[in-house]
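[1] Predicted model follows, preceded by the sequence.
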Amino acid sequence: MNNLVKNFLSLVLVLLALIATAKVFAIGEIYDFSSTELLERYEELTKELRCPKCQNQNLSDSVSEISDDLRREIHLMLEQGQTDQQIKDFLVARYGTFVLYNPPAAGSTLWVWLVPVFFALAGSFLVWRVLLQAKQRPIIAEGDEEDLL
Amino acid sequence: MTPEASKKFLVFAPLTVFLLMSVFFYFALQMRENRAVDELTSVLVDKPFPDFQLPGLHNDFHTQAELAQGQVTLVNVWGSWCPSCRDEHPYLTQLVEQGVPLVGMNYKDTPEAALDWLDYFGDIYAYHIQDRDGRLGLNLGVYGAPETFIVDKQGIIRYKRVGVVNERVWESEMKQVYLQYGGLINE
């Protein structure tokens, strides 16, 4: 029994170690920030921005060379005191709106934002109508459904 | 509608919606692939070549002003680490033989490895710009190699190719842009 507990505990330790190393490898290089606020913004930005090369990874996940360079540049710009918007504009000027996982609510990507609103409104309208009809209709016995249509 | 007809219509409604959605997603998927590449390649077209002051590979030094001296120029982003750069080298050699000015941008490489590569494959370039840390590449929106830019007589980027330059790409797209901005070819 004691052995079983020991084995179980060592397994847990090995798994924890694996999780810890995965996290270290994922980052690639480690930057020093002059404040935790900058570090938080760095983490936010690299999650929100897309790697131009790998196309379905954000900058914080990607191990490609270009993502290394872009992370280095973002770190530098944050330390220079640039705003999130300035950093995004810098990247969009070079790699296009492609690098933004959140497309701008203007121009050709406007419909991406409008269509869900349209469907939400249309759906609520349908639900409202169905509920209204159900309320007005007297309860009917089974077999009489045809009268409804 | 009679009750009968409307019931029939309702039976087919889900199928109709399904078919409409299939058609929509099919075209959306087709479009996406091309759009991603277009968007990545088009941002810098019609913008001036970014400013730089960088060493070359032969104890020389180069600036952006050299690209605005009245010649339409190809700027080829390459590296000794890049396998596809070997593939396009013979075709670029042909273009140089036809009198097309070619400048190399040695991207994220070491001068030693780059010079070895040039010794082996042949240095067909007018000169090289050494972008060791990839900063100029970043300003050019480069995300790999090879990439090739057509820069006009005033130093403005007019075209960007991501990937290998070969006869098909040159004849179908690049040659037209090159000639349109006054590039010269010796027939």
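    Happy to help now that I have it.

[2] what's residue 74 in contact with, if anything?
    Unless you meant another one, I'm taking chain A. By Cβ atoms under 8 Å, 6 or more residues apart in numbering or on different chains, the residues touching A:Ile74 are A:42, A:45-46, A:49, A:59, A:87. C-betas here are computed from N, CA, C, even on glycine.

[3] was after chain B, sorry
    B:92, B:95, B:100-103, B:148-151, B:178.

[4] Go again with 6 Å.
    When contacts are counted by Cβ atoms under 6 Å, 6 or more residues apart in numbering or on different chains, B:Leu74 touches B:102, B:148.

[5] The residue nearest the centre of chain B - nearest residue in space that isn't next to it in sequence?
    By Cα atoms, centre = their mean, chain B has its centre lying nearest to B:Arg161, at 1.9 Å. Taking Cβ to Cβ, 6 or more residues apart in numbering or on different chains as the measure, B:Arg161 lies nearest to B:Thr148, with 4.5 Å between them; neighbours along the chain are not counted.

[6] That neighbour - how many residues pack around it?
    A total of 24 residues lie near B:Thr148 under the criterion other Cβ atoms under 10 Å in any protein chain shown.

[7] Correct me if wrong, but it is in a strand.
    Yes: when classified by DSSP: H, G, I helix; E, B strand; the rest coil, B:Thr148 is found to be part of a strand.

[8] Now for it: which residues touch it?
    Going by Cβ under 6 Å, 6+ apart, B:Thr148 touches B:74, B:76, B:161, B:165.

[9] Could you break chain A into its assigned domains?
    Described in terms of automatic domain parsing, the domain architecture of chain A consists of the residue ranges A:1-30, A:31-102, A:108-137.

[10] among the ones you listed, which is the most enclosed?
    Comparing the domains of chain A by mean neighbour count (mean count of other Cβ atoms under 10 Å in any protein chain shown), domain A:31-102 ranks first with a mean of 17.

[11] Give me the distance between it and the centre of its chain.
    Computed by Cα atoms, centre = their mean, to the nearest Å, the separation of domain A:31-102 from the middle of its chain amounts to 14 Å.

[12] got it, and stretch B:49-61?
    Between the centre of stretch B:49-61 and the centre of its host chain there is 20 Å, according to Cα atoms, centre = their mean.

[13] Ok, stretch A:117-131 next?
    Per Cα atoms, centre = their mean, the displacement of stretch A:117-131 from the mean C-alpha position of its chain is 27 Å.

[14] Okay, the residue nearest to B:Arg161 and A:Gln86: tell me how far apart.
    30 Å (Cβ to Cβ, to the nearest Å).

[15] got a list of contacts for stretch B:131-139?
    Residues external to stretch B:131-139 that are found in contact with it (Cβ under 6 Å, 6+ apart): A:69, B:50, B:52, B:105, B:107-108.

[16] run the last query once more with 7 Å
    Residues outside stretch B:131-139 that contact it (Cβ atoms under 7 Å, 6 or more residues apart in numbering or on different chains) are A:69, A:73, A:94, B:50, B:52, B:54, B:77, B:105-109, B:129.

[17] tell me which of these is nearest to B:Phe9?
    A:Arg94 (52.9 Å; Cβ to Cβ).

[18] can you list the residues of chain A near chain B?
    Residues of chain A lying near chain B by Cβ under 7 Å from any Cβ of the partner chain: A:52-53, A:55, A:65-66, A:69, A:73, A:93-98, A:146, A:149.

[19] ok, now with 6 Å
    Where chain A comes near chain B, counting by Cβ under 6 Å from any Cβ of the partner chain, the residues are A:52-53, A:66, A:69, A:94-96, A:98, A:146, A:149.
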